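Sharing a model prediction with you, sequence too.
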Amino acid sequence: MVQGDEAAYRTFYDAYFPRLERYLLVVAAGDEEAAREALQTTLVRVVRHIKPFAEETPFWRWLTVLARSAFTDEFRKRRRFLAFLDRFTRHVEVEHGDDGEADERLLVLLQRSLAELPHEERRLVEEKYFEQRPVRELAGAMQASDKAIESRLVRIRHKLRDAMLKALKDESQP
């Protein structure tokens, strides 16, 4: 396997797949899906990091370390994803009237913030986002590089965001 022999991998797979699967099923406390995910990750790690072993016992120990760490990584990844979903759904469930009213309010704030921008910046935003012109085309018309236009757009978006957040903050204060 160290030399990339596919037949050696098949031999390894036939000999250790069922054993690793059982091991991970125990580690995963019976969660078959988590065990399967960790097993796939383990097999990828074996292929990437395979090294010669003189005896079977140290090899098995190495495999179990890879399997446990793969399970832990998958568990953490799943936990982070679920935490993200929880934060996302809490964020979406903000109660400020109905969604149409909130959208309308944000649209008015955006229009006000755009009106406060210098003419050149407002025109760049309108062309990029409302007329949907590509950056390359905008860069050509302004005789600038694509990167320069993208950087300007980033700065303008930050300005707009800050202006809108300030306006929202001012509205919420008595």
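Done, it's in. Keep in mind it's a predicted model, so treat the numbers as computed, not measured.

Tell me the helix or strand right after the worst-scoring helix or strand of the chain on mean pLDDT.
Least confident helix or strand, the chain: helix 99-116 with a mean of 80, by mean pLDDT, DSSP states H and E. As assigned by DSSP states H and E, the chain's next helix or strand after helix 99-116 is helix 119-125.

Got the domain ranges for this protein?
Per automatic domain parsing, the structural domains of the chain span 6-92, 99-172.

which stretches of the chain form strands?
Using DSSP state E, no strands are assigned anywhere in the chain.

what stretches of it score poorly on pLDDT?
Scanning the chain for pLDDT under 70 picks out the ranges 88-100, 174.

all helices of it, in order?
With helices called from DSSP state H, the chain shows them at 6-27, 32-49, 56-92, 99-116, 119-125, 135-142, 146-172.

Identify each buried residue in the longest one, please.
For helix 56-92, the buried set under the neighbour-count rule, 16 or more other CB atoms under 10 Å, comprises Phe59, Leu63, Thr64, Leu66, Ala67, Ala70, Phe71, Glu74, Phe75. (Glycine included, C-beta is placed from N, CA and C.)

could you redo the residues you listed as TSV and give each row distance to Val46?
Shown next, in TSV, are these (distance: CB to CB, whole Å):
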residue	distance to Val46
Phe59	10
Leu63	7
Thr64	12
Leu66	6
Ala67	9
Ala70	10
Phe71	14
Glu74	15
Phe75	19
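
farthest pair in the residues you listed?
Phe59 and Phe75 (24.6 Å; CB to CB).

Glu127 and Glu120: what is the separation?
11 Å (CB to CB, to the nearest Å).

What of His49?
As judged by CB to CB, His49 and Glu120 stand 55 Å apart.

How about Ala70?
For Ala70 relative to Glu120 (CB to CB), the value is 53 Å.
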